[in-house]
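> Need coordinates for the below:
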Amino acid sequence: MKAMIVDDERNVRNVLRQLGEWERLGITKLLEAANGIEALEIIEKEEPDIVFTDIKMPKMSGMELIEKIKERPFKGKIILVTGYDDYTFMRKAIQLNSFDYLLKPIEEEAFQAVLEKAVEAVKVEAAEGVEKEEILEEAMRLRESRLITAICRGERMDEDAVANLIPDEEEMDMTLLSFYGKHRPEVHIEALDEELRSRRIGRAFPYLDRDGLCIVITAKDQWIYVEEWVSKNISVPVRLVQDKFDSHRSIGDVFEGLFRELDRKQYRTIRRPDEMEAERRNQEIVSYLRTYYMEDISLEKLSKMFFLTREHISRTFKKETGMTLSKFVTQLRINQAKSWLLETEESIYSIATMLGYQDEKYFSKLFKKVTGMTPFEYRSSGGST
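Residues are numbered from 1 along each chain as shown. Presented below is the predicted three-dimensional model:
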């Protein structure tokens with residue numbers, strides 16, 4: 001918030017500067033001017049929220065300054081500082097719609113009270129202005145969403161109204177995003193729409209006939225940016241189907257085809273980078289196990305190698321592979337044992353040792369549990385189970 005002191009006497013400006021608790025009230029910039037003409041130039045440039053102005057000044061009086069300010073779209077609060085205390089002056093001040101006035105000599109308590117009242121009025125009006133803008137924006141978004149939804153239903157709509165909503169391109173991409181399992185998807189749809197509009201590459205609309213479904217229309221070859229934005233800013237996987245179209249007249253047909261694909265689950269998924277990183281790490285662990293499964297392997301060892309907690313590895317490994325880590329390693333070892341039993345003359349003890357089992361009896365028991373046969377029976381039968 002900005003405030004301004006206008007007075008031709010420097011000592012008066014200094015006194016007023018000392019009287020106000022500016023920083024406490026959120027005023028971060030305090031401006032000064034020695035006369036009305038100078039003040040008008042600063043007001044046009046800085047647009048202060050609160051102006052304290054003296055009445056009697058050379059070149060342009062305080063009253064003349066207010067009259068000039070009122071000719072402009074100025075929303076700040078003007079407080080007159082004067083030594084005059086008569087009805088004529090008061091009526092003139094009211095006519096000029098000044099916010100308040102202070103009589104000289106100015107008392108600290110009176111000055112602070114007027115300043116606080118002006119700050120509060122500025123804040124209230126700002127909040128009301130924001131609220132009005134938000135209501136108007138929400139109404140506009142709803143109107144646009146209704147229009148797009150109607151077009152996707154196949155209803156005939158005004159072509160100019162539609163053209164104003166989508167990129168002015170010969171070829172565009174239409175994408176349906178499904179925010180399944182996401183609380184308040186409209187928040188993300190609105191954020192995506194603002195991002196696309198700011199970059200002038202497209203729009204995003206909620207499809208009003210199904211919760212969590214978003215219609216995204218982008219200029220050709222701009223989808224890659226959208227996908228990156230979605231992956232970074234939305235915390236759950238997002239399903240999508242996509243197609244191209246060349247004019248707004250075909251929006252309904254393209255939507256119908258995409259909608260069918262989505263219902264038939266012919267979609268792909270956008271995930272967050274951390275989820276993709278977790279999957280990549282899990283693939284690295286699987287690759288490591290396939291290479292070094294004959295060595296001593298533990299969750300503790302993998303945790304240190306891949307910088308993940310044992311709990312995380314255990315949980316995500318089972319989720320991705322459908323089995324525990326120990327069962328996965330056992331399966332790899334037993335498969336290798338089968339090959340060696342049939343293709344080599346190595347003893348069962350040697351095979352067990354090479355696979356990391358020091359106890360032949362434990363290995364034979366484990367082999368039978370997995371295959372239904374002991375290693376000797378498996379070798380003797382030639383692998384027939």
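> residues contacting the most centrally placed residue in the chain?
Residue closest to the average C-alpha location in the chain (C-alpha atoms, centre = their mean): N233, at 4.9 Å. With contacts defined as C-beta atoms under 8 Å, 6 or more residues apart in numbering, N233 is in contact with 188, 191-192. All C-beta spots, glycine's among them, are computed from the backbone N, C-alpha and C.
> for the stretch 251-385 of the chain, what are the low-confidence residue spans?
Scanning the stretch 251-385 of the chain for pLDDT under 70 picks out the ranges 265-280, 307, 385.
> what ranges do the helices span in it?
251-263, 273-292, 299-306, 310-321, 325-343, 348-354, 360-371, 375-380 (DSSP state H, counting those that start in this stretch).
> Can you report how many residues neighbour E186?
15 (other C-beta atoms under 10 Å).
> How much space separates it from E67?
48 Å (C-beta to C-beta, to the nearest Å).
> circling back to that earlier point, S364: which of the contacts of N233 is nearest?
Among the contacts of N233, H188 lies closest to S364 (C-beta to C-beta), at 56.9 Å.
> and that closest one, how many residues sit next to it?
The number of residues near H188, taken as other C-beta under 10 Å, comes to 22.
> now do the one 3 residues further on
Close neighbours of A191, defined as other C-beta under 10 Å, add up to 14.
> would you list every one of the strands in the stretch 1-150 of the chain?
Applying DSSP state E, counting those that start in this stretch to the stretch 1-150 of the chain gives strands spanning 2-6, 29-33, 50-54, 77-82, 100-103.
> hey, which of these is tucked in deepest?
Of all the strands of the stretch 1-150 of the chain, strand 50-54 has the most neighbours on average by mean count of other C-beta atoms under 10 Å, namely a mean of 26.
> Can you check my assumption that M174 lies in a strand?
Yes. Assignment of M174 by DSSP: H, G, I helix; E, B strand; the rest coil places it within a strand.
> Could you tell me which residues make contact with the residue lying closest to it once chain neighbours are set aside?
In space, and not counting its chain neighbours, M174 is closest to V254: 5.0 Å by C-beta to C-beta, 6 or more residues apart in numbering. Going by C-beta under 8 Å, 6+ apart, V254 touches 174, 243-245.
> hey, what's K2 bridged with?
Taking DSSP bridges as the rule, K2 bridges to K29.
> was I right about it contacting I42?
No. Here K2 does not reach I42: they are 9.9 Å apart, not a contact under C-beta atoms under 8 Å.
> anything in contact with each of those two?
31, 48.
> out of the contacts of V254, which are buried?
174, 243, 245 (16 or more other C-beta atoms under 10 Å).
> For L213, state which of those is nearest.
Closest approach between those and L213, by C-beta to C-beta: M174, at 12.6 Å.
> correct me, but the closest one touches K244?
Yes. The pair M174 and K244 passes the contact test of C-beta under 8 Å, sitting 7.4 Å apart.
> Looking at the buried ones among the contacts of V254, which gets the smallest pLDDT?
pLDDT across those is lowest for F245, at 71.
> now the angle from the longest helix seen in the chain to strand 50-54?
Longest helix of the chain, by residue count under DSSP state H: helix 108-153. Here helix 108-153 runs at an angle of 140 degrees relative to strand 50-54 (axes from the mean of the first three to the mean of the last three C-alpha atoms, to 10 degrees).
> could you say what helices and strands helix 108-153 packs with?
Here helix 108-153 touches helix 10-19, strand 50-54, strand 77-82, strand 100-103, helix 159-163, strand 202-206, helix 251-263, going by 3 or more C-beta pairs under 8 Å, 6 or more residues apart in numbering; DSSP states H and E.
> mind listing what the residue nearest to Y293 when sequence neighbours are not counted touches?
Among residues not flanking Y293 along the chain, L332 sits closest, at 4.1 Å (C-beta to C-beta, 6+ apart). Residues near L332 by C-beta under 8 Å, 6+ apart: 289-290, 293.
> and with 10 Å instead?
289-294, 297, 355 (C-beta atoms under 10 Å, 6 or more residues apart in numbering).
> same deal with R379?
337-338, 340-342, 344-345, 348, 351, 373 are the contacts of R379 under C-beta under 10 Å, 6+ apart.
> One more: Q242?
173-177, 216, 218, 223, 227, 254, 258, 261, 267-268.
> Thank you kindly, that will do.
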